[in-house]
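**Student:** Sequence below, structure please.
(one chain, ligands or ions: 1)
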Amino acid sequence: MTTNTGPGAGSAPEWTVRGIDRTEHPEVVRVVGEALLSSEDPAAGLEERRARWDVLGYDRFRVAVEGDRIVGATNHFPFEMALPGGPRAVAGVTGVGVWPTRRRRGVLSALMRRQLADIHASGGRYAALWASEGAIYDRFGYGAASMEMSATVRLPHTALRADAPRDPALEVELHQPGEVLAEMARVHREVAAVQVGQFQRDDLWWSRIIRDVPEERAGRSPLKAAVVRGPDGPLGYALYRTRADWEWGVGGPHGEVFVKELTATAPAARTALYEHVLSRDLTTATHLKDVAVDDPLWSLVVDRQRIAASVHTALWVRLVDVPGALSERSYAAPVEAVVEVSDRYAPWNAGRWRIGADRGGARVESTQDAPDVSLDVSHLGAAYLGQHTLSSRVAAGVVTEHTPEAAERLDAALNVPRAPLCGIVF
Ligand SMILES: CC(=O)SCCNC(=O)CCNC(=O)[C@H](O)C(C)(C)COP(=O)(O)OP(=O)(O)OC[C@H]1O[C@@H](n2cnc3c(N)ncnc32)[C@H](O)[C@@H]1OP(=O)(O)O
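**Tutor:** Model (predicted):
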């Protein structure tokens with residue numbers, strides 16, 4: 001148990017950070033729901049949440065308690081997530097909230113400190129999260145590591161190039177998602193093993209993904225699943241909704257397609273799915289949500305300048321064990337460098353680390369040698385997925401380079417050819 005006294009000791013109440021048992025779970029849901037401005041009746045979603053945590057266990061929850069009152073909470077999923085180098089155990093931090101009248105007294109700081117220590121003690125090397133606000137987590141050592149894209153393609157610019165890969169042996173069929181869960185799960189399993197940022201889904205995740213509550217449809221259709229199959233089975237799927245819109249007279253129909261997820265294991269299957277969602281009759285726009293910034297769509301449409309895209313921060317990555325995480329990562333180029341890390345919340349990471357890496361593997365050792373680069377651990381987390389460079393942070397003045405071009409050499413080694421994609425807020 002960790003005991004803290006808030007700033008302004010004397011007036012501020014004392015709280016402790018501890019785990020919970022199952023009976024306290026509804027109160028955690030209530031506190032976090034209130035913090036997150038949830039409009040849901042806390043009791044309503046409880047059964048579904050219970051189903052998950054009864055399987056995963058309640059031992060990852062941490063709460064801040066004032067007397068016997070819960071005033072803040074955090075939690076994490078035990079993910080297997082694809083990272084550069086392969087699938088890894090990642091703590092997917094979720095359910096963070098502090099009771100509105102107990103904010104800015106250090107409750108979250110205490111929860112974060114304890115959670116990191118616990119993940120580290122259990123052998124964890126990584127944590128990742130989606131942040132409700134971008135100003136919260138870098139102080140705790142998380143770096144904004146990936147960007148994802150939302151895009152809209154409007155008629156008549158939806159045509160795919162004549163040389164897009166097409167296979168007449170593939171067929172697309174439309175289903176209710178529940179009917180094709182096993183096929184979608186098979187495709188996703190294969191993709192999630194290699195797509196940096198994706199995590200493997202269990203049945204409970206799938207039921208959350210295809211959950212289709214009428215009140216949440218906002219005028220859109222029920223969720224549908226287009227599955228593309230070849231002679232050996234499914235090769236991809238698109239989960240999407242539609243919305244009908246009619247303007248009688250010259251306006252005509254201008255319905256829309258809202259793609260929640262489009263995944264394929266072969267290029268021709270992806271083309272088939274794009275052609276399906278971009279060409280539904282009576283629609284004039286297709287919206288894609290949370291796709292990779294280098295999504296193949298850019299290369300497939302005839303007129304890429306007509307894709308209206310916006311990017312947003314997706315995964316924040318925290319290296320819980322710096323030498324462990326750096327030594328099991330893959331490297332695109334040889335590099336030898338001493339990196340000096342500061343880490344307020346995980347002091348075991350602080351110090352100088354010599355990285356000796358090439359395409360065959362990496363050695364990471366503690367050293368007293370002069371550093372080539374000095375940085376806060378959050379910058380390493382931000383660079384870990386290969387989408388953001390250290391050089392850009394040197395240019396911004398938030399990472400210090402002692403040896404000319406050291407950051408550039410590290411960036412070349414940390415490079416990953418494809419953009420990360422998590423695609424699902426957890
Ligand atoms: C992974 C997820 O679950 S994301 C969801 C996060 N939860 C929410 O957004 C729900 C609404 N917000 C809250 O519950 C709370 O405001 C929290 C959890 C964001 C912060 O909790 P607090 O107990 O107030 O944080 P704490 O007092 O430890 O603050 C630590 C530092 O972070 C800063 N900080 C905290 N929240 C924010 C914020 N939203 N924006 C900017 N800075 C913040 C504080 O000012 C403080 O700075 P300092 O160290 O310079 O003094």
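
**Student:** going forward, measure contacts between C-alpha atoms and count neighbours the same way
**Tutor:** OK.

**Student:** Now do the phi/psi pair for residue 269.
**Tutor:** Note on residue 269: its backbone torsions stand at phi -70, psi -40 [degrees, to the nearest 10].

**Student:** For my notes, confirm residue 339 occurs in a strand.
**Tutor:** Yes - membership of residue 339 in a strand is supported by DSSP: H, G, I helix; E, B strand; the rest coil.

**Student:** wait, doesn't it sit right on residue 377?
**Tutor:** No - assessed by CA atoms under 8 Å, residue 339 is found out of contact with residue 377, at 10.2 Å.

**Student:** Tell me which helix or strand comes right after the host helix or strand of residue 206.
**Tutor:** Element membership for residue 206, per DSSP states H and E: helix 203-209. In the C-terminal direction, the helix or strand that comes right after helix 203-209 (DSSP H and E) is strand 224-230.

**Student:** Paired strands for that next one, with orientation please.
**Tutor:** When pairing is defined by DSSP bridges, strand 224-230 lines up against strand 171-175 (antiparallel), strand 233-243 (antiparallel).

**Student:** I'd like to know the beta-bridge partner residues of residue 237.
**Tutor:** Under DSSP bridges, the beta-bridge partners of residue 237 are residue 227, residue 263.

**Student:** Pull the number of nearby residues for it.
**Tutor:** The number of residues packed near residue 237 is 30, by other CA atoms under 10 Å.

**Student:** who's in contact with it?
**Tutor:** Under the criterion of CA atoms under 8 Å, 6 or more residues apart in numbering, the contact partners of residue 237 comprise 184, 187, 225, 226, 227, 228, 261, 262, 263, 264, 273.

**Student:** In TSV: those residues, plus distance to the ligand.
**Tutor:** Supplementary listing: the contacts of residue 237 in TSV, determined by distance: CA to the nearest ligand atom, whole Å:
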residue	distance to the ligand
184	27
187	28
225	29
226	31
227	32
228	34
261	22
262	25
263	25
264	29
273	32
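
**Student:** Let's have those residues in a markdown table, adding pLDDT, distance to residue 158 and neighbour count.
**Tutor:** Shown next, in a markdown table, are these (pLDDT from 0 to 100; distance: CA to CA, whole Å; neighbours: other CA atoms under 10 Å):
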| residue | pLDDT | distance to residue 158 | neighbour count |
| --- | --- | --- | --- |
| 184 | 98 | 25 | 25 |
| 187 | 98 | 25 | 19 |
| 225 | 98 | 20 | 26 |
| 226 | 98 | 18 | 24 |
| 227 | 98 | 20 | 28 |
| 228 | 98 | 19 | 26 |
| 261 | 97 | 18 | 17 |
| 262 | 98 | 16 | 21 |
| 263 | 98 | 18 | 19 |
| 264 | 98 | 19 | 23 |
| 273 | 98 | 13 | 24 |
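
**Student:** Give the burial count for the residue nearest to residue 373 when sequence neighbours are not counted, as a bare number.
**Tutor:** Closest residue to residue 373 in three dimensions, ignoring its sequence neighbours and counting by CA to CA, 6 or more residues apart in numbering: residue 401, at 4.5 Å. Neighbourhood size, residue 401 [other CA under 10 Å]: 22.

**Student:** Now do the contacts for residue 401.
**Tutor:** Taking CA under 8 Å, 6+ apart as the test, what residue 401 contacts is 372, 373, 374, 394, 407.

**Student:** rerun at 10 Å
**Tutor:** Residues in contact with residue 401 (CA atoms under 10 Å, 6 or more residues apart in numbering) are 339, 371-375, 390-391, 393-395, 407-408.
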